[in-house]
Every structure is written in structure tokens, then in C-alpha cells.
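Chemist: could you work out the structure for the sequence below:
(2 chains)
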Amino acid sequence: MTTTAKATSPVVGFDQVTKRYGDVRAVDGLTLALHPGETVALLGPNGAGKSTALDLLLGLRPADSGTVRVFGTSPREAIVGGRVGAMLQSGGLMDEVTVGELVRLACALHPRPFPVRDVLARAGIAQIADRKVNKLSGGQSQRVRFALATAGDSDLIVLDEPTTGMDVSARQAFWATMREQAEQGRTVLFATHYLEEADAIADRVLVLHRGRLLADGTAAEIKAKAGARRIAFDVEGAVDEDRLRELPFLTTITISRNGSAEAPGRAVRIQSTDADATVHALYGLGLYPRNLEVAGLGLEQAFVAITAAEEAKQS
Amino acid sequence: MNSLIRLELARALRNRKFLFFSVIYPSALFLLIAGNADSTTKIDGTGLTVPTYMMVSMASFGALTAVLMGNSERIAKERESGWVRQLRLTTLPGRGYVLAKTASAAVVSLPSIVIVFVVAAAVKDVRLDFWQWFALTGAIWAGSLVFASLGVAIGYLATGDAVRPITMITYFGLSMLGGLWMPSTTFPQWLQDIAKWLPTHAYAALGRAIEQSQAPHAQDIAILAVFFVLFSGGAAWLYRKDTLKA
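Modeler: As a prediction, the model looks like this:
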């Protein structure tokens, strides 16, 4: 391998990685690469294989086939080198010790630790440092897990559903802290099913469904892929439905009857990847659309559209 | 790894229930059993007085309690809670967790042995040579490693719900049948024939031989060695299996 290739070698590389549980392929031929400094959301419904993919990345489970490399080495080597900090959904905490003691342990185990006081402050748990770990609320436990993941100067931070159990304000505070990590040049990978989080925080969104990568791009690109804008309008009288269906950039269209018996009409709902062009062409048909609305499609709807399209393809 | 040992130890010393059962309880039980016995009657075939005999039994029992209970229940619970997984995301080597658990249990088992000796010497006038006290402490402490590895094996075998009954059955079964609570010479012959192959029986026999100013019997050492290999081999196999399914 040449020096240039090494310099650009990915933070995380999955090459045709498959992991089965019995007959179920939790991760199915997954190939992806994460690059330095990216903040990446791993998005998918429950059972999509997100947690398994993170387990493979962290070396907690062996892959059945394919290779997982982290900073060009095995996951375990990367962890021993202190390059990865991780917060697991299922990561338990040691009982009957204080928050401060547990964070001190995490710092002691990291090859390039931050001062304990800083780690506590950054995770917002300095004021509960003397409290026993088993006496914490769900949100507080998540902050302690976050502190364990950021106890030292790691280059990659992996978070599995980090804001589970947090209320809205705690969630916002959490992501503000997470952004600081990203601004310091760390690569951040987080799994979530909160789509607004992926939309607001990630530079890149990976959509996982049934263990396979369905989409990979910015949140805007994912929305575009699904038909990012919704156009709704009514027309009076009968219309030539075929001509409506031929409008450019359509992904879906539904036409239904509305109005009254004396003044029949049609309600038209369209999803378009280029709403401006679609609306322009609509006027070109000589129609007079009423109650015209053009609205952005949320990532959630985009996500539903992508996974529904995939399921339709498979069945 | 030292930081984990320190934290495990701090936690163990803070747990009053655990300390009571592993440090105070064996001494209390010693007083209960040997309390009314006079210091001259010898137990058949041993040449040892009741207090002397029971002192080794209870010191062994105390060490067994500390290392078996300390390991099995914690490991099973922490496997279930995911703390073991979390530790695998640190630089701590895989065996570090088990070693830290065993080391902290060993630190607790030492005072439990010594306190039984002190109580026996002070209250029941048990007198031994200087070297015998040291040899006894060393033999019982080192022998407890056999049960520490059994604790690890149970911890990796049992689920969080099942670990307590499994540990208790093992613990009481081994203590009773091994003759830690009453001399196994009082058992019917068929039970004695079984009991003499138990690791607890060999464990207590180790200490008793020292009290009789003899070298420990080769058979007892062999039995303990075989069980140690069995338990630690089983623990290692179960640990690896657990690691693969995360």
C-alpha cells in the first residue's frame, strides 16, 4: 500500500460483511467506508441490523464472512490503541460504585485519558459524581455512558441510540456536546431511529434495512431519493389523468374525486424530486390548480418511502 | 487492570452483607459449633481436638464463601447488565475482568481466614507452631483459587436469575459433603466414599495435615489440582463462548 493510500485509508471499512443469526441475516453483504471527520447517522427501523453492525465494528461479535477494518487494523487493535470510544445501548454500568469512580476507571483504562474532572464536566455529570451508579435516572445513565465513551482522546466515537431515555432538553444538550466532539475533528457514528436527529446532526446518513445499505448520502440527498417534495392541489372538472401522470420528476401520484355532484373535481397529491419543474410543467398543461401546496418531505417520510419501495421490490 | 482491581475491592469492602457472610460468619459459625466442645477431646482418627479440627474447616469455609460468592453472582449479573460488554470496549485485556474479580475476592478471603484463626486461638486456646499458622494461611488461601475458578465458571454458565440458586446449591453441597460443617467421619460409609473425592474435602484435608505436622497428602493435592484444571478450563471455555455471542 502506498503512503497516499494510507493517508486516505478510511476510519471504518466494511467489505462484504455478513452476520447471520440462524436463518436471519442481521447484516447482509454490507460494504461501507467512513472517512475522517464525518458525522454519520446509521438510520433504520428496529431489527434493521444497526446494533449488529456496530457490534461487528467494535469487534464484539465476529463476522461470518467479509472483513471489518478500523483505522486499517482489526477492531480490537483499534480499541486497544485507544482510537475508539463507544457507548452501547446495551452497555451496562458497574453497580454500587459512584459515577466519579466509574469515570476515573474509564480514564485509567484509556491510553490517552482526559482529566477526570473535564470528562465529568463535559458529560454534564460533575454534580452527580458522588452518586451511586445504580441510583441514576435513565437520562443520567446515558450521560455516564457518554462519559465512558469520551474518557480519552479517541478518533472515532460510536454511539448506539445515545439519546434513549432523555427528555427533549437533555437531548438537545447532548447533541450540543456531541457537536463539540465532531468539531474537534473526531469521526462520529451514531445509530438512531430518531429521524430528526439524523437530519439535524449528521453530515451523512446511512439507511440500513434488513441488514443491507439502502441509501448513503446527505439527509437532503436521501430525501431527494425518496421524492423529496410533496405537491398537493385540486382541479375543477374532469382532467386527463394520463397527462398528469406524465408530469416530469414524479415519484408517486394519487388522484381522487372530490367536490360535489354539480361541480365535480379532483384532488391530486404528488411526490416530486424536483417540485419547481413539476409545477412549471403543471401550468404548461393549461390547468388551473387550486389550493396549491408545495411542502418539504421530512426525512421520516423519505425513510418510509425508501423502505416501502425496497419491500415492494422484494415481494 | 490495577484500577479495576482497586475499584472491585472498594466495592466489596463497602458491601456489608458480603463482608458479613465472608468475613464474620465463618468465625461466628466456628464459635457456634466448637463453642461447647472442650479442648481436649480428640476427633476419631485425626488426633485433633474439636476446636482445632473445626478451625481449619471454618477457615476453609470462609475462604470458599468469599471467592465463590464474590465471583459467580457478580459475573452473571454483570454479563446480563452489559457491563462485561462495556469493558470489552476498553484496553482491558479479556482475562483482566476475571483476574480483577478473583484478586479482589482473594483480598477479602484472607481476613476471613485470619479472623477464624484469631478467634480459635483466643477463645478456644488452639495452639500450633509458628510455621503451622503460616503454612495453614498459605495453603487455605492458595487452595481457595480452585473455588474462585469454579465461581467464574458458574458466573459464565448461569443467567442472572439462576445464578443465586445454582451458587447456593453448589456452595452448601460442597461445604456439607466435603465435611466443612461436620467431620465427614460422622457420615455413613457410602457417603464418605463419595465425599473424599470432593474438592472441599481435599481442601480441608490440606489444612488438617498441616495441623497434624504432616506434609499434605499427595491424593488431596492431586484432587485439588484436577478440579482446578477442570474448573478453570471450563471457565475459559464458557468465557470464550460468551464472548462470541457478545
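Chemist: now residue A:17: how far from chain B?
Modeler: Using CB to the nearest CB, to the nearest Å, residue A:17 is found at 15 Å from chain B. (Glycine included, C-beta is placed from N, CA and C.)
Chemist: that residue and residue A:68 touch, don't they?
Modeler: Yes. The criterion here is CB atoms under 8 Å, and residue A:17 meets it with residue A:68 at 5.8 Å.
Chemist: domain ranges for chain A?
Modeler: In terms of domains, chain A is parsed into A:3-223, A:229-296 (source: automatic domain parsing).
Chemist: and these, which is most packed in?
Modeler: Among these, domain A:3-223 has the highest mean neighbour count (mean count of other CB atoms under 10 Å in any protein chain shown), at a mean of 19.
Chemist: so how far is it off the chain centroid?
Modeler: 11 Å (CA atoms, centre = their mean, to the nearest Å).
Chemist: torsion angles phi and psi at residue A:261?
Modeler: Backbone torsions for residue A:261, taken as degrees, to the nearest 10, come to phi -60, psi -40.
Chemist: got the contact list for the residue nearest the centre of chain B?
Modeler: Centroid-nearest residue in chain B, with CA atoms, centre = their mean: residue B:64, separated by 1.5 Å. By CB atoms under 8 Å, 6 or more residues apart in numbering or on different chains, the contact list for residue B:64 reads B:144, B:147, B:171, B:174, B:175, B:180, B:200, B:203.
Chemist: can you check residue A:40 too?
Modeler: Going by CB under 8 Å, 6+ apart, residue A:40 touches A:34, A:187, A:188, A:189, A:190, A:202, A:203, A:204, A:205, A:206.
Chemist: surely residue A:203 meets residue A:35?
Modeler: No. Under the criterion of CB under 8 Å, residue A:203 makes no contact with residue A:35, lying 9.9 Å away.
Chemist: distance of residue B:217 relative to chain A?
Modeler: 41 Å.
Chemist: residues in contact with that residue?
Modeler: Residue B:217 sits next to B:205, B:209 when contact means CB under 8 Å, 6+ apart.
Chemist: close to chain B: what parts of chain A are there?
Modeler: A:55, A:58-62, A:79-80, A:82, A:84-86, A:88, A:90-97, A:101-102, A:104-106, A:108-111, A:145, A:148 (CB under 8 Å from any CB of the partner chain).
Chemist: spatially, what comes nearest to the residue of chain B at minimum distance from chain A if we skip its sequence neighbours?
Modeler: Across chain B, the shortest distance to chain A (CB to the nearest CB) belongs to residue B:81, at 3.0 Å. Nearest residue to residue B:81, sequence neighbours excluded (CB to CB, 6 or more residues apart in numbering or on different chains): residue A:92, at 3.0 Å.
Chemist: surely that neighbour touches residue B:88?
Modeler: No. Using CB under 8 Å, residue A:92 is not in contact with residue B:88, being 11.6 Å away.
Chemist: if you average pLDDT over each of the domains of chain A, which is lowest?
Modeler: Per-stretch mean pLDDT for these is lowest at domain A:229-296 (a mean of 84).
Chemist: where along chain B do the strands fall?
Modeler: Using DSSP state E, no strands are found in chain B.
Chemist: so where's it uncertain?
Modeler: Scanning chain B with the threshold set as pLDDT under 70 gives B:39, B:246.
Chemist: just the contacts of residue B:64 now: which is nearest residue B:45?
Modeler: Comparing those against residue B:45 with CB to CB places residue B:180 closest, at 17.5 Å.
Chemist: how far away is the closest residue to residue B:244 other than its chain neighbours from residue A:20?
Modeler: Using CB to CB, 6+ apart and skipping residues adjacent in sequence, the residue nearest residue B:244 is residue A:62, 6.5 Å away. Residue A:62 is 12 Å from residue A:20, where distance means CB to CB, to the nearest Å.
Chemist: hey, what's in contact with both of the two?
Modeler: Joint contacts of residue A:62 and residue A:20 (CB under 8 Å, 6+ apart) do not exist.
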